[in-house]
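Colleague: sequence? don't have it. structure:
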C-alpha cells in the first residue's frame, strides 16, 4: 500500500510539527470573538421590537404621606395613567407613547411604574378609549384592591363604588400579578369601563369623555409585578395579537423598590 | 506496476474566454444585488396591491421575502442551466468545467460551483457561521437567566431570541454532517467522480444561504415569540415576523430535499466497480438512511408552514380553533416532521463516529451489518414515535400507551449502535488522536441524553417533566453532546483531507476538555432546574431556581470559551497548519487514497474495490485502492457495485 | 514480538485468566462499573428526594417512584457502557509515538452471542419499563365517585378557576384533602399548559376543547400552578398560588368567595365531553 504523494508538496511519512501557536494569537482570537459576539448581540437587541429598560420612561409614584390600613401605618403614594385610543397621538404636544403604531391604543404616558415596598398605592386611571365585551367575564370583577372595591366616575361626573362592571362595556383592564416567586398571593384586577357610544378622538387624545377609576393596593417587598390588559383589543387570534402581544403597549412592569 | 505518463490534470484545462456563459459574471455579490433588488420590487408590488387589505402586512412580508429568495438565486446562477436547457441550449463541456471551478482559484468558493468538494467546504463555513449566530443567541439567553428577574432583555425580545436560537441550531445541526462531509467526502468514499446531480448540489447550498437572511429578518419584523416549534394558534397570532420564519422553513426544506435526493441517488448509482452495498463504509450508510428519513419528514414541515402562512395571511382555518381549525392538527404534522428530524440530525453524526472508531482502534467495525440494521430500524421506528411530544396535550389519550411502546422500542436499535462502538474499541489498538477524544465524549454524552429520554417516554413521568427544563437538558445532551460532538469528531478527522492542513492537537485537546466540562456543567445545571420544576422558555423565574441557573450560565460561558478555542484552532490551522499527507490516519476508506488537495473529479484512475474498508489486522491487502496510473487502456464500464474480475465476494479472499 | 505473540498476550489477560480478580480485565471493568452504578443510583435517590418540590398526591408519588425505578434500572446499563469505554483507554491505549498509528489489532468483526445478549437485555429492559409505565398510567385513568370538578381556564396570561355548582370563580386554586378532583381545562385564546407540578399531572389548555386530568391530593401544602406551554409575552408570569387544605378550610374558603348555598354539597359534577366549550361560571 502506498500513499499517493500530495501534489507538489513536501512528502512526509508523518505530519511535520505544526508551527507553535503563539499565545498572543489565542488571546487576540478570543477578544475578537467576544467583541463579535457582543456586537452581534447588541445589534440584535437594538433591532428587536422594543428595547428593555423603560422605553417610555419610568413613572415614580408620588408621595402622599402616610396612611393607616387595618391598624397598620405605611407610606402612601400615588400613580396615575391614562388609556388612549391611538398610540401615535399627542396630548398638549406630548406623544402618548414613545414608539406609536397607528392602529394601536396605548397606556400613557408610560407603562413602567415604580412604587416603594409595603406601601399603600392609590392609582387613578382616566379611560379615554372605546371597548366592548371581554373574552372571559372573570376580568369584569374587581379583585385584590384594598376593600375589594374601586371607585368609578362616569363622564357625567357621577361616582359609584363597584365590585364589578358590565363585562360587555369594558375599555381596558389593569390586571397585575407578581413575577415568578414574588408575592405569589397577589392578584389585582380592575376593569376600566367604557360605554357603547364612546367617541374616540385621535388627535387630541384627552378631549373625549373619560371614565375615571380610582383604586388602591398594598405593595409587597422588593420585586417586580407584571401588569397587562385583559380586554382583547388586538388583532388576530382571540384579538390578543398585534398590540396585545407587543411589550410596552398593553403590558408593563411595576417595580417595587 | 507499469509506468505510464500521468494524464493531464483536469483542473489545469485552459478554457476559452466565453466558457461558462453567465456564470462568469455571477457570484455572491450579484446574488445579493439581485436578491435585494427583486425583494424591493416584490415589496413595492405587494405593498401597492395588498397593503390596504385585511391580509396586509403578512402578504407583503411573504411576497417580499419570496422575491428575495428567487432574486438571490437568479443572481447566483442557480437557474442558468435549467433555463438554457429549456431554451434548447445545453451546457457545453467547457461550460461545465467552468461551472466546476476550473481556472477561478479561490473565487470559486463565492460562486455557484458544481464541484462537490467546493460545495462541501462552503457548507462547512456556513455551518460554522450558523453555530456562531446560534451560539451568540444562546449566550444572550443564559445571560438573561443568570438572575431571576433580569432587566437584560424584555420578555418579547427574550422569546424571539429563544425562537431564533432554536431554529438556527436546528438548521445548523441538520446540515452539519450531511453538508460538509456527505458532499465532500462521501462521493470520494464510494469511488465516484462527483455527485449524481452536481448542479443541484450547488443549488442546495445557495438556497440555504438565501434562507438565512429570511430567518434573521424576524428580529426586524416584531420577533417570533412562539418558540422554534411555533405552535398554533400562538404563531398565527404572532407579528409579521412569523411569515418570514415560515418562508425560511419552506426554502430550507427545498434545499434539504434536493440534497437528500442527490445523496441517495449518488450512493445507489455511482459506486465504483466492486463497491457493493455490503462494502460501503458505515458513514455512507448513515448518511443514506438519514437522507431517506429527511425525505419522509421534511415535506411535512413545508406543508405545515405553508398552511401557517395561509392561516395568517388569507384567513384559512387550518389551525385556529376559534374559526373551526385545530391546534392539534398543527402539533401532529409538526411532530411527524419533528421526531424523524432529530434522527436526521443524529444518524450522520453517529455514522461518522463509527467510521472514526474503526480507524483509531485499528480494528474492523464490530457487527457492521447489525449496525446497518440498527440504522434502518431507527429510521423506521422514528416515523412511529412522534406523539410522545404530545403526551400532555390531551389529544387521544388512548394513544399514550402505543406511543410509549414505540418510543421505548427505539432505544433498542440505539443501544445496538453503542454495542458496535464498544465492540470496535474492545481489544483494539487505540490511537488517541484528537478525533478519538471527541468519540469518547460522544459516548459519555449520548448515554446521558439517551437515558434521560427514557424518563420522558414514560407518560406519567412526562406529566411532570413536559415543558420543563429537564426536556431542554435532555435534547441538548443528545443534539449538542451527541450529534454535534460527533460532527466535531468528523471535522477533526476529515480536516486534513478537506483543507490539506493538520490541526494543532495541543490546542485541540485543551479545547476538548473545556468543551467537555462546559457541556456537563451547563446541562447538569438544567437537569437540576428541571427536577426542581422550572418551566422552559421563561425569561423570569422563581428565585428558588437561582443556584441551578447560575450553574448553567457559568457552564455556558465555559462552553463558549471552549468553542472559541476550537474555532481558533481551525482558523489557525487552515492558514498556517502543517501540510497534511494524503493519509495521515492510515485509514482504509477511498477518500484517503487520493492525493491532498483532491484533484477535480477525484480519481485520476478509477478505483478497484475488492473488500470493505475494515481489513485492519486481517493480513490481507487493502481492498479499497486507487491503482497507480494505468496504461493506455480505459477501464471497461461496469454498472456500479457489480462483481467482476478481482472481486473476492464475501469471504475476503483475493484471487 | 510477532503478531501471534501479541495476540496471545492479549488473550491471556482475559476474564478467565488466572490472576487475582481485580487485576484482571474483568475485575477492573467490574470496579469501574460499580463506581458508576453507585453514582447513578445515588443520583436516582438524591435527585427526587432533594430536588423535586413537595409532592402532594399519589400521582406525584408515581413520578417520584418512576424516577427512582428508572434510574436504578438505567444506572447499571449506562455504567456498563462507561466501564467498557474507560477500560478500553486503560488497557488498550497506544502509549508510544502518537504520530504513527499503532499496529493493527486482532480483527473481530462480530460476536453473535454478545449481540444476541445485548439485544435480549435491552428488549427485556424495554418490556419492564413499558409494563411499569402502562400500569401506572392506567391507574391514573380510573375515575372515582365524589369527584370535585374544577374548571380551569387559561387566558393570556392568567389562570382562572371556577367550581361548577358553587358560583365561585377565583384566581387561586384551593383543593380539599383526600378528595378526587377532576380538572376540566380549556383556554380562551392560545394553547397553554396547565401544570400543577406538585400534583404530578399536567395537561394542555386548548382553545375550543376541554381536556381533562385527574388527581387526588393526599397531603396538605402550598404549591404553584405554572404554565408549561409557551403562550406569548408573559408566559413566565402565568403562575398561580395553590394549596391543598382541609375539607373544613375548603368549605369556609368557598363561603368567603361568595359561594351560593348549594356549595356545601359534594356531588360529583358531570364530565364534559371533549369538543365542547366550557361555559364560564357567570358571576
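Modeller: That came in fine, so what should we check first? The structure presented is a predicted model; accordingly, all values stated were derived computationally and were not measured. Numbers count the residues shown, from 1 in each chain, chains lettered A, B, ... in the order given.
Colleague: Is chain C within reach of stretch B:436-445?
Modeller: Yes: residues of stretch B:436-445 contacting chain C under CB under 8 Å from any CB of the partner chain: B:440, B:443, B:444. (Glycine included, C-beta is placed from N, CA and C.)
Colleague: How about residues contacting that stretch?
Modeller: Applying CB atoms under 8 Å, 6 or more residues apart in numbering or on different chains, the contact partners of stretch B:436-445 are B:349, B:353, B:356-357, B:360, B:418, B:421, B:430, B:477-478, B:480-482, B:485-486, B:488-489, B:492, B:508-509, B:512, B:515-516, B:519, C:81-82, C:85, C:89.
Colleague: measure residue B:340 to residue B:327 for me?
Modeller: 21 Å (CB to CB, to the nearest Å).
Colleague: coming back round to it: so which of the residues of stretch B:436-445 next to chain C would you say is closest to residue B:155?
Modeller: Nearest to residue B:155, judged by CB to CB, of the residues of stretch B:436-445 next to chain C is residue B:444 at 36.0 Å.
Colleague: Can you give me the distance of the closest one to residue A:226?
Modeller: With CB to CB as the criterion, residue B:444 and residue A:226 are 41 Å apart.
Colleague: Also residue A:232?
Modeller: 18 Å.
Colleague: helices or strands next to the longest helix seen in chain B in the packing?
Modeller: For chain B, the helix reaching the highest residue count under DSSP state H is reported as helix B:327-361. Here helix B:327-361 touches helix B:155-178, helix B:180-189, helix B:282-314, helix B:368-382, helix B:411-425, helix B:434-457, helix B:485-499, going by 3 or more CB pairs under 8 Å, 6 or more residues apart in numbering or on different chains; DSSP states H and E.
Colleague: can you put these in CSV and add distance to residue B:96, mean neighbour count and mean pLDDT?
Modeller: Converted to CSV, the helices and strands packed on helix B:327-361 look like this (distance: least, CB to CB, whole Å; neighbours: other CB atoms under 10 Å in any protein chain shown; pLDDT from 0 to 100):
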stretch, distance to residue B:96, mean neighbour count, mean pLDDT
helix B:155-178, 25, 25, 95
helix B:180-189, 16, 28, 96
helix B:282-314, 25, 23, 95
helix B:368-382, 35, 20, 95
helix B:411-425, 40, 24, 94
helix B:434-457, 35, 23, 96
helix B:485-499, 23, 25, 96
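Colleague: Would you mind giving those helices as a markdown table with distance to residue B:593 added?
Modeller: Formatted as a markdown table, the helices and strands packed on helix B:327-361 follow (distance: least, CB to CB, whole Å):
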| stretch | distance to residue B:593 |
| --- | --- |
| helix B:155-178 | 22 |
| helix B:180-189 | 9 |
| helix B:282-314 | 15 |
| helix B:368-382 | 20 |
| helix B:411-425 | 22 |
| helix B:434-457 | 19 |
| helix B:485-499 | 11 |
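Colleague: quick one, domains of chain B?
Modeller: B:24-102, B:115-576 (automatic domain parsing).
Colleague: Can you classify residue C:175 as helix, strand or coil?
Modeller: Here residue C:175 is recorded as strand under DSSP: H, G, I helix; E, B strand; the rest coil.
Colleague: And the helices in chain C?
Modeller: C:3-12, C:25-46, C:58-92, C:112-141, C:247-256.
Colleague: what does chain A put close to chain C?
Modeller: Proximity of chain A to chain C (CB under 8 Å from any CB) is limited to residues A:14-15, A:135-141, A:143, A:164, A:175, A:177, A:179-180, A:184-185, A:187, A:189, A:226, A:228, A:230, A:232, A:237-238, A:240, A:244-247, A:251.
Colleague: Need the contact partners of the helix or strand encompassing residue B:44.
Modeller: Assigned by DSSP states H and E, residue B:44 falls within helix B:28-50. Applying CB under 8 Å, 6+ apart, the contact partners of helix B:28-50 are B:56, B:59-60, B:62-76, B:110-111, B:206, B:209-210.
Colleague: taking those residues one by one, which sit in helices?
Modeller: B:56, B:59-60, B:62-76, B:206, B:209-210.
Colleague: Only whichever of those residues are buried, select them in PyMOL.
Modeller: Restricted to buried positions by 16 or more other CB atoms under 10 Å in any protein chain shown, the PyMOL selection for these reads:
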select buried, chain B and resi 59+60+62+63+64+65+66+67+68+69+70+71+72+73+74+75+76+206+209+210
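Colleague: just checking, what's the longest strand in chain A?
Modeller: Scanning chain A for the longest strand, with DSSP state E as the assignment, gives strand A:72-84.
Colleague: Could you pull up the mean pLDDT of the next helix or strand after it?
Modeller: Per DSSP H and E, the first helix or strand lying C-terminal to strand A:72-84 is strand A:90-91. Regarding strand A:90-91, the rounded mean pLDDT is 80.
Colleague: cool, stretch C:245-260 as well?
Modeller: 88.
Colleague: Can you name the residues in contact with that stretch?
Modeller: C:163, C:166-168, C:170, C:174-179, C:220, C:263-264.
Colleague: next one: it to chain centre, how far?
Modeller: Computed by CA atoms, centre = their mean, to the nearest Å, the chain-centroid distance of stretch C:245-260 equals 33 Å.
Colleague: residue ranges with poor pLDDT in the chain?
Modeller: Going with chain A. Chain A contains residues with pLDDT under 70 at A:1-26, A:40-56, A:201-204, A:207-208.
Colleague: Correction: the question concerned chain B.
Modeller: B:1-7, B:51-55, B:628-655.
Colleague: Next, the buried residues of stretch B:382-390.
Modeller: Those would be B:382, B:384, B:385, B:386, B:387, B:388, B:389, B:390, for stretch B:382-390 by 16+ other CB under 10 Å.
Colleague: In CSV, list the residues you listed along with secondary structure and distance to chain C.
Modeller: CSV is the format used below for the buried residues of stretch B:382-390 (DSSP: H, G, I helix; E, B strand; the rest coil; distance: CB to the nearest CB, whole Å):
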residue, secondary structure, distance to chain C
B:382, helix, 16
B:384, coil, 14
B:385, coil, 13
B:386, helix, 16
B:387, helix, 13
B:388, helix, 11
B:389, helix, 12
B:390, coil, 9
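Colleague: out of the contacts of stretch B:436-445, which are buried?
Modeller: B:349, B:353, B:356-357, B:360, B:418, B:421, B:430, B:477-478, B:480-482, B:485-486, B:488-489, B:492, B:508, B:512, B:515-516, B:519, C:81-82, C:85.
Colleague: Could you give the residue of chain C that lies closest to chain A?
Modeller: Relative to chain A, the nearest point of chain C is residue C:189 (3.4 Å; CB to the nearest CB).
Colleague: Do I have it right that that residue meets residue C:153?
Modeller: No: using CB atoms under 8 Å, residue C:189 is not in contact with residue C:153; the gap is 10.3 Å.
Colleague: Which one's more surrounded, the two?
Modeller: residue C:189 (28 against 25; other CB atoms under 10 Å in any protein chain shown).
Colleague: OK, contacts around that one?
Modeller: With contact taken as CB under 8 Å, 6+ apart, residue C:189 is in contact with A:135, A:232, A:237, A:238, A:240, B:233, B:237, C:155, C:156, C:207.
Colleague: again with residue B:332
Modeller: B:386, B:387, B:390, B:395 are the contacts of residue B:332 under CB under 8 Å, 6+ apart.
Colleague: Distance check, it against chain C.
Modeller: Distance of residue B:332 to chain C, given as CB to the nearest CB, to the nearest Å: 13 Å.
Colleague: same thing with residue B:93?
Modeller: Taking CB to the nearest CB as the measure, residue B:93 falls 42 Å from chain C.
Colleague: Kindly report the same for residue A:125.
Modeller: Taken as CB to the nearest CB, the span from residue A:125 to chain C is 19 Å.
Colleague: Any idea what that residue is bridged to?
Modeller: residue A:81, residue A:213 (DSSP bridges).
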